[in-house]
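**Q** Sequence and predicted structure below; questions after.
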Amino acid sequence: MSPIIEIENLTHRFADGTVGLDGITLAIEAGAFVVVAGANGSGKTTLLYHLNGLLLPTSGRVRVAGASVQADPLRARLQVGMVFQDADSQIVGETVRDDVAFGPENLGLERAEIDRRVQEALAATGLTRLADKRPHLLSGGEKRRLAVAGVLAMRPRVIACDEPFSNLDYPGVRQVLDQILRLHRAGCTIVVTTHDLEKVLAHADRLVFMRAGRIEADGPPPALIARAERYGVRSPRAAHLGMEALSWLN
Amino acid sequence: MAQLTSFSYQAGASILHRVDVRMKLALVAAASLAGLRLDFTALGLMGAALLILASGGRRGLRIRPGECRWIALLLALVFAARALSTEGTPVFSLLGWEISREGLQEGARVSLRLALAFLLGAVLVGTTRSTEIRAGVQWYLKPLPFAAAARVGTMLGLLVRFIPVVFEEVSRVSDAQRARAVENRRNPVRRAVKLGVPVMSRIFERSNRLALAMEARCYSESRTPPELRAGARDWAVFALGCGWLAAMLAV
């Protein structure tokens, strides 16, 4: 399968001189489920921000679906939907329905098309009955699903989730994980950053470890999981017992 | 955020929720101006009528009195300032200050006007999505040659949308400081500084995260606007509103 995301020798240096990413090279195939893991400050979020042009490379290049992100960030944003770690900051609309409509409205679509997309995204995330509710009154899991719905309405090919399980209780984690898996089954490419492998690793087909802005290891999860703690990431309990990672949905 | 429902949009089905935003903006502007010339009775009637219209029905606007305490404090200060600074027939003396009948009347009148303006704003914001307010403002500014209608509309829409966010941040920082006994500090200026600096910092951080999230969803000024439709019901409400204002002014 051809890569939908191609990153070549990507380096990002922040204004204060800190190196966020240091020579990253990575290709992600369409339809893959990739987990990017690493300790805080390892560069996971910075890497994700380059996928849809929220940050641009200091050097190197990022291509999404064959097009340079730097040359056309808007095109990249249509291809890569970003679900941020803090769902509250991502919510813009006064009601759930308004928030989901925000992206399609930005695309200048016809009102009928916007309504159609909003209905579909709400149905896909199980939020239809909450459509007129104020987003800030939703539970943590519902807010995260709303963030996913907002991205889905833009019909991206890649969904990039930054720490999607942070600050969620057990039911919230299950809701969000179930949602991510549905999207993957529907054909979306999934990129998830986390420092908590336990919740998602059973479903990933590729694991990337980052440290200090570099990719330290990249491969199938069973081959790499034993090295997790070397990169400041707790390995799943099952791995300690010599078992394969277990799904939180079972 | 959950407690701050009076100062942000509340989905509902009252008549004011359903009226075209352009009519609402025009009526709010007219009522605010009329408020400058109304007497006590008319101001009271206006306020009551507004509350009844906004809260009518099963899904009407809910304004919680507890959330209005800071507004009440502001109104009390305005009343006191007017009462103390207006000369006239003395009614009583307080801590060496002569309080006049005219001062009390003037204080009450100005406070009532301010209360009405606040109520108009709260009802407008509570019954209208910020996207609609933005579209309405844009519609009014469009014919003006030098007004950047889209930009002004966007700024207003965002401003209205994020008033509750500012309240929320103030509430969070204030709670965190109370948990560390900030009340033991007697100096109000020092307390205000201790509150203001972290609040501003958090608001800027949050604004930055929000801007990133909006950018990630392709935000631009040329968005699909909400559909603005003015039907017979909207015109009827507008005519009734204008008639009511004219009657109040005549009284």
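**A** Everything's here; your move. Numbering: from 1, shown residues only, chains lettered A, B, ... in the order given.
**Q** for chain A, what are the nearby residues on chain B?
**A** Within chain B, the positions adjacent to chain A are B:1-2, B:5, B:8-11, B:129-131, B:161, B:164, B:206, B:209-210, B:212-220, B:222-224, B:227 by CB under 8 Å from any CB of the partner chain. To be clear about C-beta, it is placed using only N, CA and C from the backbone, and glycine gets the same treatment.
**Q** which of those residues are buried?
**A** B:1, B:5, B:8-11, B:129-131, B:161, B:164, B:206, B:209-210, B:212-219, B:223-224 (16 or more other CB atoms under 10 Å in any protein chain shown).
**Q** In helices, which of the residues you listed fall?
**A** Using DSSP state H, B:Ser130, B:Thr131, B:Arg161, B:Pro164, B:Arg206, B:Arg209, B:Leu210, B:Leu212, B:Ala213, B:Met214, B:Glu215, B:Ala216 are the members of those that sit in helices.
**Q** Strands along the chain, start to end?
**A** Chain wasn't specified; assuming chain A. With strands called from DSSP state E, chain A shows them at A:3-13, A:19-29, A:33-37, A:59-64, A:67-68, A:80-83, A:158-162, A:189-194, A:206-211, A:214-219.
**Q** hm, I was asking about chain B
**A** With DSSP E as the criterion, chain B has strands spanning B:90-94, B:97-100.
**Q** okay, those strands, which one's buried deepest?
**A** The highest mean neighbour count among the strands of chain B, using mean count of other CB atoms under 10 Å in any protein chain shown, belongs to strand B:97-100: a mean of 16.
**Q** Which elements pack onto that strand?
**A** The helices and strands touching strand B:97-100, judged by 3 or more CB pairs under 8 Å, 6 or more residues apart in numbering or on different chains; DSSP states H and E, are helix B:69-85, strand B:90-94.
**Q** Now render the ones you listed as CSV, adding mean pLDDT.
**A** Output for the helices and strands packed on strand B:97-100, formatted as CSV (pLDDT from 0 to 100):
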stretch, mean pLDDT
helix B:69-85, 86
strand B:90-94, 79
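**Q** ranking the ones you listed by burial, who's on top?
**A** helix B:69-85 (a mean of 15).
**Q** Please name every helix or strand in contact with that helix.
**A** Applying 3+ CB pairs under 8 Å, 6+ apart, one finds that helix B:69-85 contacts strand B:97-100, helix B:101-127.
**Q** Packed most tightly, which of these would that be?
**A** With a mean of 19, the top stretch among the helices and strands packed on helix B:69-85 by mean neighbour count (mean count of other CB under 10 Å) is helix B:101-127.
**Q** Against which helices or strands is that helix packed?
**A** In terms of contacts (3+ CB pairs under 8 Å, 6+ apart), helix B:101-127 is packed against helix B:15-18, helix B:21-35, helix B:40-55, helix B:69-85.
**Q** now the angle from the second one to helix B:40-55?
**A** When you say that, I think you mean helix B:21-35. 160 degrees (axes from the mean of the first three to the mean of the last three CA atoms, to 10 degrees).
**Q** Check the last one too.
**A** Compare the direction of helix B:69-85 with that of helix B:40-55 by the same axes, to 10 degrees and you get 170 degrees.
**Q** Which residues does helix B:69-85 contact?
**A** B:97, B:99-100, B:103-104, B:106-108, B:110-111, B:114-115, B:118 (CB atoms under 8 Å, 6 or more residues apart in numbering or on different chains).
**Q** Can you list the low-confidence ranges for chain A?
**A** Applying pLDDT under 70 to chain A flags residues A:1.
**Q** and it, which residues reach chain B?
**A** Residues of chain A found near chain B (CB under 8 Å from any CB) are A:49, A:52, A:54, A:74, A:77-78, A:81-82, A:84, A:86, A:89-90, A:92-95, A:98, A:102-111, A:114, A:132-134, A:136-137, A:150-151, A:154.
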